[in-house]
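Visitor: Fold the following, please.
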Amino acid sequence: MASMKFSISSESKNLKFTAGSSQLSGHGSISAFISYLHLTNTVLSDVSESKEVESPINFSNCVADESAVLEDLNSAREFRKRGKKLRKKFRRVRRPTEDVGLKFNCGENSGVREQENVDIDAVGPDLSLEHCNFILKNLEKSKDGKALKFFEWMRSEGKLKQNVTAYNLALRVVGRMEDWDLAEAMIREMITELDCELNFQVFNTLIYACSRRGHAREGSKWFRMMLDNGVRPNEATFGMLMSLYQKGWNVEEAEFTFSHMKNLGIKCQSAYSAMITIYTRLGLYDKAEKVISLLRDGEVILNMENWLVLLNAYSQQGKMEEAESVLVSMQEAGFSPNIMEAAQHLFQNLKAIHIEPDEATYRSMIEGWGRADNYREAKWYYKELKGAGFKPNSSNLYTMINLQSRHGDEEGAITTLEEMMKMGCQYSSVIGILLQAYERAERFDKLPPLLRGSLYEHVLGNQTSCSIVVMAYVKNSLVDDAIKILQAKKWKDQDFEDNLYHLLICSCKDLGHLDNAVKIYAHMPKSEDKPNLHIMSTMIDIYSVMNFFTEAENLYLKLKSSDIALDLIAFSIVIRMYVKAGKLEDACSVLDIMDKQDNIVPDIYLLRDMLRIYQKRRMAGKLADLYYKILKTGVAWNQEMYNCVINCCARALPVDELSRIFDEMIQRGFTPNTITFNVMLNVYGKSRLFKKARKVFLMARKQGLADIISYNTLIAAYGQSKYLRNMSSTVTKMQFYGFSVSLEAYNCMLDAYGKEGQMEKFRSVLRRMRDSGCASDHYTYNIMINIYGEQGWIEEVAEVLTELKESGLGPDLCSYNTLIKAYGIAGMVEDAVDLVKEMRENGVEPDRITYNNLITALRKNDKFLEAVRWSLWMKQMGL
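Guide: Sure thing, here's the model as predicted:
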């Protein structure tokens, strides 16, 4: 077998690949390489089968300042090579016996060799600290033994006190020698004897040595000693440690280190990658997802390594949609996923180095080009795979069917489906893959012709597969195709079929495809003797939404005539149907039927509907009974329930009970809406509880819920109670808070001032109203007719009547009644009688008030016989 070694280095926006070989023959797999995009294993670890994969990680993006101890790996190799050459040279050169002195230049052009030939025994004690450190630095790069010997000389000469730089250089040598006891002794010496201030460079030097040689236990030891001595790690510290733990999949130490990094607020890109990779490799996907969330939410700028790790994590879990989303985000961030181009180049050069691609290689290339959405290349490798006598695996087939669905190759998809079935893939799995592929490609309308032969027969004969297919068809608006399958199906299960039809109809309803729901219902088999309650209830609801009330009512009547008892949901749907159709009386009859069924307990939504129906029908007795029934049932009230009860039951409950409900609502922390505030203002105003009314008004205004109706209600309450000063003050406040005086407010003031006989203020309000351009309505004209009539100002009444007719409104029932009353006061009985005739001619039917006003006018003017005649007429009319 051939042995191959791939070195993959992830750098900013670039991927570099190198391959070496020795004694290559036979077949070689590059699946380890393709795993970057196919992601069959982790991105930054050994992934190939019986092949070495080296993944050196460059920590340059994690080093924060120039004084960091880490050297680039390539530079380190060069130093080692140079050291070997120098050692060979020193073996051939005699040690000079003379005192070389310390003649060196610390400038830019000074070489290392000059310091390598230093005779340490001849060095004088007067050498400066900077010169000593310079010599030690150059010796450390070439000769470990001489470096340590010179370090010992520096100790004997007192050159190490507070000299962290020297210790750092010596620790590099000790780290290469892996003499951890000596390293620990040196650090303790720095702390206890030489008064050196430890920094991250000291420990990073040792951690770097451990990281290169894979000594996770020693690396953890130096990290803990670092923390114990109060030294703050930097990004390089965490990058090296996490890489070290990744090599040995040491999850506990990795979690410990990663948690410290988060606590310190340090953001190291490679540390995140290592943690996600460890979790993914060990199958701890939930933990990997949490780290991914931290990576994305922590304002970390993702590099190529991070993006590849995210791709790997999602692909390992089979979350292809998330993986594709990462790929899109990666491209948007400016990273070009050009792995496949490099893979293509490597594949083309395999034969040049005597390697024949094997089965895994072809499969990996298919998967790689599939992830890159390159159908042409994937198709070529797929053909080459089969041409070489290999068989595609299930993953290849899945990739091909997805590519074919996206690129419109239905003929190719048919071939792939046939191959999947020849391989023995389960029909249900094939159908699921096919549906998902075409739905994701948004080309679902092209799918039905692909279901043929044995695959189509399986759909007709298997109720599970049949239901999956027709549900997908309905979801994608292929209702006719779904109906065709349902009519041709071969399985028999009435309950399953009913549930399936109900599910299809509900799906159409949720999608807003109501016409499709009607079509499905029209084609479904129906039992006249035993209709399906759930299906018919859903259809009643759908017909109601479509305003097809006749069809909805017919379904209800069919249910009603059967022996099937309606449940709570059915009753709720029917009641809302009648409410929407404006048939409140029919809704009440349904409520009466429901009330007779002991097993029906209305929920809070139906209770609110019932309250609104009774309120619209002005059934005060029913409202009161329902309210006290609600109290007994112990239903938990929410904010909507409080608002509904107060709004609907305002005229059915005593003011004390309404006040109790309102106070309870406030105490429980619920907020009344504007309508509720206005209802309580009206209730308190009519009950002359003005202190409570003002409190409610101030509460509404404080919450910004007081509107023009709130002011109108309060003005009307003051006017009806003859609190004219408060009424005028409220109008002023209304204007102060930015509301224009409304027509309703003007009408209230006209009525109040007129009934109190304050005609000057009456006229003043009328002038203000006309000056503001506020048009009069029937209520305004009727007030004027009534007030002028009470004063006996018949000429003014005639002027108002003329103005009313000229305005285009014309007298209404209230206008005629008021005019009859005014004519009676003025002694114009014949005119009053003529008004009744005029009313009938104008299509206004007299009511009880009309006749009472007329009889009163006749009596006041001594027309008793006429009054009796009209009284008898009233009785005959049933008034």
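Visitor: okay, now residue 847: neighbour count?
Guide: The burial count assigned to residue 847 is 15, neighbours taken as other Cβ atoms under 10 Å. Every C-beta, even on glycine, is put in place using the N, C-alpha and C of the backbone.
Visitor: Quick check: it vs residue 817, distance?
Guide: To residue 817, residue 847 is 8 Å away according to Cβ to Cβ, to the nearest Å.
Visitor: Help me confirm that residue 389 is found in a helix?
Guide: No - in this structure, residue 389 is coil, not part of a helix, as judged by DSSP: H, G, I helix; E, B strand; the rest coil.
Visitor: Would you list the phi and psi of it?
Guide: Geometry field for residue 389 lists phi and psi as phi 90, psi 10, criterion degrees, to the nearest 10.
Visitor: Ok, residue 357 next?
Guide: Backbone torsions of residue 357, given as degrees, to the nearest 10, read phi -60, psi 140.
Visitor: tell me the pLDDT at it?
Guide: Predicted confidence (pLDDT) at residue 357: the value is 83.
Visitor: any weak-confidence spans in this protein?
Guide: Filtered on pLDDT under 70, the chain yields the residue ranges 1-124, 194-195, 298-299, 336-343, 345-346, 349-355, 879.
Visitor: Name the residue closest to the centre of it, please.
Guide: Nearest to the geometric centre of the chain sits residue 293, at 14.7 Å (Cα atoms, centre = their mean).
Visitor: Pull out the buried positions in the helix or strand containing that residue.
Guide: Counting by DSSP states H and E, the secondary-structure element that holds residue 293 is helix 285-297. Buried residues in helix 285-297, defined by neighbour count with 16 or more other Cβ atoms under 10 Å: 285, 287, 288, 289, 291, 292, 294, 295.
Visitor: Next one: the closest residue to the second one other than its chain neighbours from residue 736, what distance?
Guide: Sequence neighbours aside, residue 279 is the residue nearest to residue 287 in space, at 4.7 Å (criterion: Cβ to Cβ, 6 or more residues apart in numbering). Using Cβ to Cβ, one gets 65 Å for the distance from residue 279 to residue 736.
Visitor: Please identify which of the two sits among more neighbours.
Guide: residue 279 (23 against 8).
Visitor: list the buried ones in the helix or strand hosting residue 501?
Guide: Per DSSP H and E: residue 501 is located in helix 494-511. For helix 494-511, the neighbour count (16+ other Cβ under 10 Å) marks 497, 498, 500, 501, 502, 504, 505, 506, 507, 508, 509 as buried.
Visitor: got the buried residues for the helix or strand just after that helix?
Guide: Sequence-wise, the next helix or strand downstream of helix 494-511 (DSSP H and E) is helix 514-523. Burial within helix 514-523, assessed by neighbour count using 16+ other Cβ under 10 Å, is assigned to 514, 516, 517, 518, 519, 520, 521, 523.
Visitor: Stretch 763-783 too?
Guide: By neighbour count with 16+ other Cβ under 10 Å, stretch 763-783 contains the buried residues 765, 766, 769, 774, 776, 778, 779, 780, 781, 782, 783.
Visitor: Show me which of those is closest to residue 377.
Guide: Top of the list for closeness to residue 377, among those and by Cβ to Cβ, is residue 774 at 78.2 Å.
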